[in-house]
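> Below is the structure, and that's it, no one-letter string:
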């Protein structure tokens, strides 16, 4: 039974472009009977219009479309959907046209008349190829992040409740709002929800709202057309289109600029959007997950966040406790991370020394799981014995006679790091910390990344 599920073909979104109504209907019926979603059109203009509104995995394109040449349609379809696979069909098959079709970007070429078995063979090959491309994209993302596998096992009731709720809602299409301090694992939980869902074989995309300007954020989210702004040298389909059938996660949604909030709300409600510089309305089937470490209710009262968007997002809120709230989990997490980074650096560790465990349990971890991860990775790299001692942890983690202060014989960078850590630990939110430090959130995000806060 398991083998059957692994080999089961994923349904595709297919565009059929043929000026013969009988061929169009027959081919559509053949594909729909195998579970695929099919749109049929008779000419190049309608094909371009459909491709601009919907995301397709595969297109069957007739070589002769009345007075139009089907080969001329290939670049336009690839521009709208860079990942689309195009199969040219024709009753006038020749080596020359087959070669030209491939040169223009077609994935395959089959002559008329064709049998249902031939169609099924081509579609099966394309479905396998699309599945491989999506899995490779996901693997590339994982390799880029190089994060250890995080265990959700916890002794803390709040963490247990959060994970149980996440598993329950994973199989639904509900929007999930993950709340928690920076570094508590909101992105990791969002990935887990996607992995537990029926969309697990489809793409997962992540956008960090504070890291981009309003203009770039809108382009990253919805895409843009060539020439939409300075530097737009080619069409960009955007993350929404790239995550068709899958899940899109917006981290730190509280930092989404107000003008984009309205457009994002419309997409959530109607699943419709426009690329930057383009008036063409498009649709997408994407599940939305969001996360925040700020008080969205306060942001609504202050006019920084739309009330209607807040209520639309706050369908299933999940609260992640800070690491300071669950000290009993620190040792388990640290040991898992040490095993991961030890293997990554070709080292075998027996564990932490009693002194190191005392330090791990006693530190407040204002940067939460992310800070713990960075501390353990540093120790795994620097330690050359089988037992990790506290001397390999960052200075901020190990207790000292007194905290670093102005005038101490240390670098400015160390003073800045210590100051940022203390401010973040004392502040109620990252926005408040940024206000105290006199910097914007994007700068604070870069500093946190630099220091592992």
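Arrived safely, thanks for sending. Keep in mind it's a predicted model, so treat the numbers as computed, not measured. Numbering: from 1, shown residues only.
> Specify the beta-bridge partners of residue 249.
Taking DSSP bridges as the rule, residue 249 bridges to residue 206, residue 289.
> Report the mean per-residue pLDDT for the strand or helix carrying residue 51.
Here residue 51, judged by DSSP states H and E, is contained in helix 44-53. Average pLDDT, helix 44-53: 88.
> Each with direction, which strands does the helix or strand following it pair with?
Beyond helix 44-53 on the C-terminal side, the first helix or strand identified by DSSP H and E is strand 58-62. Here strand 58-62 has these sheet partners by DSSP bridges: strand 13-17 (parallel), strand 85-90 (parallel).
> ok, residues contacting strand 58-62?
The contact list for strand 58-62 (Cβ atoms under 8 Å, 6 or more residues apart in numbering) reads 12-20, 23, 27, 47, 51, 70, 73-74, 77, 84-90, 106, 123, 126, 130. C-beta: built from backbone N, CA, C; applies to glycine.
> Could I get the average pLDDT for the top helix by length along the chain?
When the chain is parsed with DSSP state H, its longest helix is helix 116-145. For helix 116-145, the per-residue pLDDT values average out at 77.
> could you say what helices and strands it packs with?
helix 21-32, strand 58-62, strand 85-90, strand 108-111 (3 or more Cβ pairs under 8 Å, 6 or more residues apart in numbering; DSSP states H and E).
> quick one on the thing from earlier: quick one: buried ones out of the contacts of strand 58-62?
Among the contacts of strand 58-62, those classed as buried by neighbour count (16 or more other Cβ atoms under 10 Å) are 12-19, 23, 27, 47, 51, 70, 73-74, 77, 84-90, 106, 123, 126, 130.
> just to revisit the earlier point, for residue 223, which of the strands paired with strand 58-62 is the nearest?
Residue 223 lies closest to strand 13-17 among those, at 17.3 Å (Cβ to Cβ).
> angle of that closest one against helix 44-53?
Here the directions of strand 13-17 and helix 44-53 differ by 170 degrees (axes from the mean of the first three to the mean of the last three Cα atoms, to 10 degrees).
> Outside of strand 13-17 itself, list whatever touches it.
Contacts of strand 13-17 (Cβ under 8 Å, 6+ apart): 24, 27-28, 31, 36-44, 47, 50-51, 54-62, 65, 70, 73, 77, 123, 244.
> How about stretch 297-308?
In contact with stretch 297-308 (Cβ under 8 Å, 6+ apart) are residues 254, 256, 258, 261-262, 265, 296, 310.
> Now the helix holding residue 51: buried residues?
44, 47-48, 50-52.
> Spatially central residue in this protein, please.
In the chain, the residue lying closest to the centroid (Cα atoms, centre = their mean) is residue 205, at 1.8 Å.
> what sits against it?
Counting by Cβ under 8 Å, 6+ apart, residue 205 has contacts 239, 242-243, 246-249.
> before we move on, back to that, which of the helices and strands packed on helix 116-145 sits closest to residue 333?
Across the helices and strands packed on helix 116-145, residue 333 has its closest neighbour in strand 85-90 (42.9 Å, Cβ to Cβ).
> Mind checking what helix or strand follows the closest one in sequence?
Next along from strand 85-90, by DSSP H and E: helix 95-103.
> as a whole number, average confidence for that following helix?
Helix 95-103 comes out with an average pLDDT of 83.
> And it, what does it pack against?
Helix 95-103 packs on strand 85-90, strand 108-111, going by 3+ Cβ pairs under 8 Å, 6+ apart.
> what's the longest one in contact with?
Strand 85-90 is touched from outside by 18, 23, 57-64, 70-71, 74, 77-78, 97-98, 101, 105-112, 114, 122, 126, 129-130, with contacts defined as Cβ under 8 Å, 6+ apart.
> Which PyMOL command selects the buried ones in those residues?
In PyMOL syntax, the buried subset of the contacts of strand 85-90 is picked out as below (16+ other Cβ under 10 Å):
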select buried, resi 18+23+57+58+59+60+61+62+63+70+71+74+77+78+97+98+101+106+107+108+109+110+111+114+122+126+130
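> In a helix, residue 416, correct?
Yes - counting by DSSP: H, G, I helix; E, B strand; the rest coil, one finds residue 416 located in a helix.
> wait, residue 165 sits on residue 318?
Yes - counting by Cβ atoms under 8 Å, residue 318 is a contact partner of residue 165 at 5.5 Å.
> quick one: which of the two has more around it?
residue 318 (22 against 15; other Cβ atoms under 10 Å).
> right, so of the helices and strands packed on helix 116-145, which gets closest to residue 450?
Comparing the helices and strands packed on helix 116-145 by Cβ to Cβ, strand 85-90 comes nearest, at 42.1 Å.
> Could you tell me the angle between that closest one and helix 21-32?
Using the same axes, to 10 degrees: strand 85-90 against helix 21-32 is 140 degrees.
> what's around residue 343, how many residues?
Residues within reach of residue 343, counting by other Cβ under 10 Å, total 13.
> Kindly report the same for residue 82.
When neighbours are counted by other Cβ under 10 Å, residue 82 comes out with 14.
> Excluding chain neighbours, give the residue nearest to it in space.
residue 237 (6.3 Å; Cβ to Cβ, 6 or more residues apart in numbering).
> The helices and strands packed on helix 116-145: which one's closest to residue 373?
Among these, strand 85-90 comes nearest to residue 373, with 39.2 Å by Cβ to Cβ.
> How far does the closest one sit from its chain's centre?
Distance, stretch centre to chain centre, for strand 85-90: 31 Å (Cα atoms, centre = their mean, to the nearest Å).
> now the nearest residue to residue 358 once chain neighbours are set aside: how far from residue 88?
Of all residues beyond its chain neighbours, the one nearest residue 358 is residue 390 (7.8 Å), with distances taken as Cβ to Cβ, 6+ apart. Relative to residue 88, residue 390 is positioned 66 Å away (Cβ to Cβ, to the nearest Å).
> Check residue 36 too.
19 Å.
> If you drop the residues flanking it in sequence, what lies closest to residue 443?
residue 434 (7.5 Å).
> What's the local residue count around residue 255?
So residue 255, with other Cβ under 10 Å, has 25 neighbours.
> And the one 5 residues further on, by the same measure?
By the criterion of other Cβ under 10 Å, residue 260 has 16 neighbours.
> how about the strands in the stretch 201-350 of the chain?
Secondary structure of the stretch 201-350 of the chain, counting by DSSP state E, counting those that start in this stretch: strands at 204-208, 247-251, 272-273, 282-283, 287-292, 316-319.
> any weak-confidence spans in the chain?
Residues of the chain meeting the criterion pLDDT under 70: 1-9, 137-151, 400-405, 407-410, 425-426, 428, 452-453.
> got the domain boundaries for it?
Listed by automatic domain parsing, the domain ranges of the chain are 2-131, 146-321, 325-451.
> From start to finish, how long is the shortest one in a straight line?
Domain 325-451 stretches 22 Å from its first residue to its last (Cα to Cα, to the nearest Å).
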